[in-house]
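Student: I would like the atomic coordinates for the input below:
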Amino acid sequence: MRLLILLGAACLCSCPAVAQPSNQLKSNSQVQPLSNSKQSAAKSVWPPQLEMRVPFEPTAFPSGPNIYVMYELQLTNFGTSPVSLSRIEALDADAEAAQPIATFEVEQLETMLQPLGSKTLSDPRGRLLIGDGQSAIAFMSIALARGSHIPDRLLHRVRTADSVAEGAVIATHHTELHVLGPPVEGANWLAADGPSNDQDNHHRRGVVILDGQAVDSRRYAIDWKQIRDGASFSGDARDVRSYYSYGKAVLAVADGRVGTAKDSLPDNIPGHGESFHPAVPITLETFAGNTITLDLGDGQFAYYMHLQPGSLRVKEGDHVRHSRLRRGWSGFWSSRATLK
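Tutor: From the prediction side, this is the model:
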């Protein structure tokens with residue numbers, strides 16, 4: 001079962017002036033070449049032409065012994081030569097001469113950086129190189145011990161092979177986060193591909209373009225799977241009813257209002273890659289399957305996806321209450337999970 005809880009340019013040049021003699025030049029006179037000392041004109045020093053952007057400003061959230069800040073740092077090389085990254089630092093933007101609160105060296109950057117496009121890199125170090133006119137995304141995940149000071153604003157410092165660039169100041173505190181209850185009941189549930197910075201986490205790396213902007217709406221998504229004896233199903237892997245999570249109840253994680261409820265799409269036959277044949281064409285309108293969006297207030301939402309067709313008992317505008325154990329509460333949804 002998948003359940004997602006969710007969010008003109010100035011050009012300077014230095015031209016040496018040629019001193020004219022006091023007497024007039026004759027018609028056959030020539031200006032002599034400048035001496036070596038005069039040829040060594042001052043050179044303009046430019047900062048690295050590396051644009052840094054953070055389209056999503058995160059809210060720090062606690063989990064276990066740490067507090068996490070997760071977001072994406074987009075890097076674009078506007079220069080005419082490739083740049084090779086050697087370090088990314090996050091600093092307290094409001095502190096003078098602050099030390100970095102997080103530093104990511106080459107080995108970490110090799111797993112954090114993702115170049116845009118379809119270019120296949122056999123050498124992980126190739127991820128450190130951003131070609132001229134090219135872009136890459138640094139998937140940032142900063143972990144601080146609970147009780148640590150969390151800066152209100154972060155400044156980023158990017159070090160290349162021969163230069164340093166600073167920018168992309170972002171805020172880290174936007175609203176107080178709601179405390180959520182369990183979305184499912186029972187034991188042996190696995191939070192697969194949950195919030196993490198793993199390189200193979202398809203949720204974390206799921207950047208898509210919506211309304212002309214790069215969006216990572218699955219940043220905090222989770223695939224909920226029920227496990228028995230180390231497996232998520234028993235029997236035919238292409239039968240949704242073989243999966244332990246299929247048909248299990250879904251719970252409201254908190255009090256809220258149903259913003260959307262969609263219950264019209266058929267089950268898919270489970271499969272991966274070439275073996276996956278969806279029941280309907282996959283589009284932005286269908287890829288989430290049957291869904292419920294729960295508005296928790298304060299700009300926070302819980303998004304339930306891939307629900308069993310014909311199982312929703314709520315509709316848009318309904319108010320639900322969080323229920324952990326009791327069936328029959330308005331917070332209990334008997335929506336069933338559809339595995340993709």
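
Student: rest of the way, CA atoms for contacts and neighbours
Tutor: Noted.

Student: Can you get me a residue count around T76?
Tutor: Neighbours of T76 under the rule other C-alpha atoms under 10 Å: 20.

Student: how about the nearest residue to it, chain neighbours excluded?
Tutor: S135 (4.2 Å; C-alpha to C-alpha, 6 or more residues apart in numbering).

Student: if I read this right, that neighbour contacts L113, doesn't it?
Tutor: No: between S135 and L113 there is no contact under C-alpha atoms under 8 Å: 10.2 Å.

Student: These two: which has the busier surroundings?
Tutor: Neighbours were counted for S135 and for L113 using other C-alpha under 10 Å; L113 has more, 26 against 19.

Student: just checking, the more buried one touches A138?
Tutor: Yes: counting by C-alpha under 8 Å, L113 touches A138, with 4.5 Å between them.

Student: quick one, longest helix in this structure?
Tutor: helix 106-112 (DSSP state H).

Student: can you list contacts of that one?
Tutor: 85-88, 124-125, 127-128, 137-140, 197-199 (C-alpha atoms under 8 Å, 6 or more residues apart in numbering).

Student: Of these, which belong to strands?
Tutor: Using DSSP state E, the subset of those located in strands is L85, S86, R87, I88, I137, A138, F139, M140.

Student: which residues touch stretch 65-77?
Tutor: Taking C-alpha under 8 Å, 6+ apart as the rule, stretch 65-77 contacts 49-62, 83, 130-146, 172.

Student: Give me the buried positions along stretch 207-224.
Tutor: Judged by neighbour count using 16 or more other C-alpha atoms under 10 Å, the buried positions of stretch 207-224 are V207, V215, D216, S217, R218, R219, Y220, A221, I222, D223, W224.

Student: now, the most widely separated pair of those?
Tutor: The distance between the two most remote of these (C-alpha to C-alpha) is 22.6 Å, for V215 and W224.

Student: Tell me where the protein has helices.
Tutor: Using DSSP H, helices in the chain cover 36-39, 106-112.

Student: just to revisit the earlier point, how far does the longest helix of the chain sit from the chain's center?
Tutor: Distance of helix 106-112 from the chain centroid (C-alpha atoms, centre = their mean, to the nearest Å) equals 16 Å.

Student: Next, the buried residues of it.
Tutor: By 16+ other C-alpha under 10 Å, the buried positions in helix 106-112 come out as V106, L109, E110, T111, M112.

Student: now stretch 192-204
Tutor: Buried residues in stretch 192-204 (16+ other C-alpha under 10 Å): A192, D193, G194, P195, S196, N197, D198, H203, R204.

Student: okay if I get these as CSV plus pLDDT and distance to Y304?
Tutor: Putting the buried residues of stretch 192-204 into CSV (pLDDT from 0 to 100; distance: C-alpha to C-alpha, whole Å) gives the following:
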residue, pLDDT, distance to Y304
A192, 92, 15
D193, 91, 15
G194, 90, 14
P195, 90, 16
S196, 91, 19
N197, 91, 22
D198, 91, 23
H203, 92, 14
R204, 91, 17
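
Student: Columns distance to T293 on top of those, output as a markdown table?
Tutor: Formatted as a markdown table, the buried residues of stretch 192-204 follow (distance: C-alpha to C-alpha, whole Å):
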| residue | distance to T293 |
| --- | --- |
| A192 | 21 |
| D193 | 20 |
| G194 | 19 |
| P195 | 19 |
| S196 | 23 |
| N197 | 25 |
| D198 | 27 |
| H203 | 18 |
| R204 | 20 |
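
Student: Just the closest of these to S311, please.
Tutor: Taking C-alpha to C-alpha as the measure, S311 lies nearest A192 of the buried residues of stretch 192-204, at 23.4 Å.

Student: neighbours around T293, how many?
Tutor: 21.

Student: T260 is in contact with that one, correct?
Tutor: Yes: between T293 and T260 there is a contact under C-alpha under 8 Å: 5.1 Å.

Student: residues contacting T59?
Tutor: V69, A171, T172, H173, H174, T175.

Student: Out of these, list just those in strands.
Tutor: Going by DSSP E, the strands hold V69, A171 from the contacts of T59.

Student: Confidence-wise, which of the contacts of T59 comes last?
Tutor: Among the contacts of T59, H174 carries the weakest pLDDT, at 74.

Student: List the contacts of that one.
Tutor: Per C-alpha under 8 Å, 6+ apart, neighbours of H174: P58, T59.

Student: so where's the stretch 201-340 of the chain uncertain?
Tutor: 323-340 (pLDDT under 70).

Student: ditto for the stretch 51-200 of the chain
Tutor: For the stretch 51-200 of the chain (pLDDT under 70), the answer is 118-122.

Student: Of the contacts of helix 106-112, which qualify as buried by neighbour count?
Tutor: Counted by 16+ other C-alpha under 10 Å, the contacts of helix 106-112 give 85-88, 125, 127-128, 137-140, 197-198 as buried.

Student: on that earlier part again, reformat the contacts of T59 as a markdown table; add distance to P281.
Tutor: Formatted as a markdown table, the contacts of T59 follow (distance: C-alpha to C-alpha, whole Å):
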| residue | distance to P281 |
| --- | --- |
| V69 | 36 |
| A171 | 39 |
| T172 | 39 |
| H173 | 40 |
| H174 | 38 |
| T175 | 38 |
